[in-house]
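J.: Sequence plus predicted model, see below.
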Amino acid sequence: MLDLRDKAIVLLLPKTGIRRGELLRIDVDDINWNDCLIREGSKTVHNIASEEWNVAGIHQGAQR
């Protein structure tokens, strides 16, 4: 069974198309939970808003 952090990673990969290196560099501060956006660096934004359960799973995983 996946822990919450791993579940958040699994949910992010197919939803955002984010690259492995980008995913590994994401910090909790890069995630705007209100707007459901992930900023990677100064230019890349990934929208995670279309599926509410994804956002909830990612948010729970990020809290670990």
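T.: Arrived safely.
J.: going forward, measure contacts and count neighbours with C-alpha atoms only.
T.: Noted.
J.: Look up the residues forming beta bridges with Arg39.
T.: Beta-bridge partners of Arg39, counted by DSSP bridges, are Val45.
J.: Next one: it, what pLDDT does it get?
T.: We have a pLDDT of 83 for Arg39.
J.: show me where pLDDT drops low in the chain?
T.: Scanning the chain for pLDDT under 70 picks out 1-2, 43-44, 48-64.
J.: What segments of it are strands?
T.: In the chain, the strands defined using DSSP state E lie at 31-32, 37-40, 44-47.
J.: Can I get these in a markdown table including distance to Thr16?
T.: Output for the strands of the chain, formatted as a markdown table (distance: least, Cα to Cα, whole Å):
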| stretch | distance to Thr16 |
| --- | --- |
| strand 31-32 | 13 |
| strand 37-40 | 9 |
| strand 44-47 | 6 |
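J.: Reformat those as JSON lines; add mean neighbour count.
T.: Formatted as JSON lines, the strands of the chain follow (neighbours: other Cα atoms under 10 Å):
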{"stretch": "strand 31-32", "mean neighbour count": "17"}
{"stretch": "strand 37-40", "mean neighbour count": "18"}
{"stretch": "strand 44-47", "mean neighbour count": "14"}
